[in-house]
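[1] let's see this in three dimensions:
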Amino acid sequence: MTTAHPDHGLEDLCPAGTELYTSALREGRVHREAAGSVPCLVDLGLLQPHVEDMQWLEPVAPAVALHRLLRTAAERIADERRREERLATMFEPLLRIDGARTADAKAPAISLLSGKDQINAAISEAMVDASEVLAVQPYVSHVGPPPENHVGALSRDQELLDRGGRIRTLYQHTLRHAPTVLARYERLRGDVEARTLDEVIQLLIVVGRSVAFIPASKDYTLALEVRHPALLEHFLTTFDRLWRLATPMHPEAVQRPSHNGITHRQQAIAALLVEGHTDATIAERLGLNIRTARVHIAKLAATLGSESRAQLGYLIGQSGILSQEERQDRAP
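    Numbers count the residues shown, from 1 in each chain. Sure, this is the predicted structure:
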């Protein structure tokens with residue numbers, strides 16, 4: 001199957017086109033069939049039919065092609081200047097009208113961002129002069145290579161760190177050993193810390209304590225850019241309190257102790273079990289797939305000697321592991 005030739009301008013002439021045009025200049029002509037795979041040369045006016053033999057194409061002199069392109073660019077610039085003049089003429093009488101009742105020219109307190117490109121661009125713009133980023137990342141893919149936008153975010157974060165800024169990120173405990181998360185912190189250099197909790201709030205990014213970004217759709221294609229002072233104070237307070245409850249992961253990882261053979265993960269599951277949550281809900285809230293959650297539930301039941309779901313809830317209450325979990329979550 002033949003691959004379609006990509007569209008491009010003369011300033012981005014493809015390697016194949018450059019090579020064939022160079023050959024045509026040296027030889028004085030090139031066979032039409034040879035130019036079939038690089039139609040850009042004819043489309044851009046660098047090759048034209050030979051007047052005596054239509055099977056051949058002859059090159060247009062580079063000086064002629066350059067002059068034509070510069071003239072086109074000059075015409076385009078002139079058109080833009082005429083457009084500027086028309087706009088200035090149209091708005092001149094409007095600017096004299098008293099605008100006391102018009103909307104505030106400052107950035108709105110809450111703006112809707114549509115599409116991941118627009119969202120990433122807004123975050124990048126906010127981070128240009130920022131000295132701090134606080135983030136809650138509950139849904140990070142930890143299988144396979146990181147997506148392209150993660151690679152761009154890594155570069156963006158490193159630029160902030162290079163300016164002397166700091167980054168604090170909260171994850172779920174399930175991501176403590178995720179390859180993509182660990183690789184991220186192996187590459188970042190500077191004042192960057194990460195901690196984990198069993199459960200975290202929805203995705204949240206606060207940049208410079210002056211603007212926050214939160215999702216506005218489940219697929220993350222819509223986001224809210226929040227600059228309202230009261231909402232920012234709420235986000236910052238929530239983050240600070242969660243941060244104090246969280247377990248350090250980077251730069252130095254702290255391991256949560258087990259309790260009578262029951263792991264910290266199983267303690268978290270036990271707390272949700274006695275609240276009556278289903279396996280699916282437990283898995284979602286702890287960032288697990290449902291099969292892994294059921295494996296942990298089975299191990300918990302085996303450790304406590306439970307033979308039924310109802311008995312398991314009773315044995316959890318009798319074991320004392322919930323009070324242990326509560327004391328650990330409130331540790332500074």
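
[2] next one: the spatially closest residue to Leu69 that is not a sequence neighbour, what pLDDT does it get?
    Closest residue to Leu69 in three dimensions, ignoring its sequence neighbours and counting by CB to CB, 6 or more residues apart in numbering: Leu10, at 6.0 Å. Where C-beta positions appear, they are placed from N, C-alpha and C, glycine not excepted. At Leu10, the model reports a pLDDT of 70.

[3] so how many other residues sit close to Leu10?
    17 (other CB atoms under 10 Å).

[4] quick one, what contacts it?
    Leu44, Leu46, Ala65, Leu69 (CB atoms under 8 Å, 6 or more residues apart in numbering).

[5] check the last one and give its pLDDT.
    Turning to Leu69, the model gives it a pLDDT of 78.

[6] gap between it and Ser155?
    Going from Leu69 to Ser155 by CB to CB, to the nearest Å gives 34 Å.

[7] the two: which is more packed in?
    Shown here are Leu69 and Ser155; by other CB under 10 Å, Leu69 has more neighbours (15 against 10).

[8] assumed that one was part of a helix.
    Yes. Counting by DSSP: H, G, I helix; E, B strand; the rest coil, Leu69 is found in a helix.

[9] so where do the strands sit in this structure?
    Secondary structure of the chain (DSSP state E): strands at 30-31, 47-49, 56-59, 110-114, 132-136, 166-172, 191-197, 204-207, 211-215, 222-226, 247-250.

[10] let me have these in TSV, extended by distance to Ala121 and mean neighbour count.
    As requested, those are exported to TSV (distance: least, CB to CB, whole Å; neighbours: other CB atoms under 10 Å):
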stretch	distance to Ala121	mean neighbour count
strand 30-31	43	18
strand 47-49	39	17
strand 56-59	41	20
strand 110-114	9	14
strand 132-136	16	20
strand 166-172	19	20
strand 191-197	23	20
strand 204-207	13	23
strand 211-215	12	20
strand 222-226	11	20
strand 247-250	28	18
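
[11] in TSV: these, plus distance to Val295 and mean pLDDT.
    Shown next, in TSV, are those (distance: least, CB to CB, whole Å; pLDDT from 0 to 100):
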stretch	distance to Val295	mean pLDDT
strand 30-31	67	89
strand 47-49	67	87
strand 56-59	69	90
strand 110-114	39	92
strand 132-136	27	95
strand 166-172	17	93
strand 191-197	20	92
strand 204-207	30	96
strand 211-215	30	95
strand 222-226	35	95
strand 247-250	22	90
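
[12] give me the neighbour count for Glu92.
    9.

[13] wait, Thr174 touches Gly287, no?
    Yes. Using CB atoms under 8 Å, Thr174 is in contact with Gly287, at 3.9 Å.
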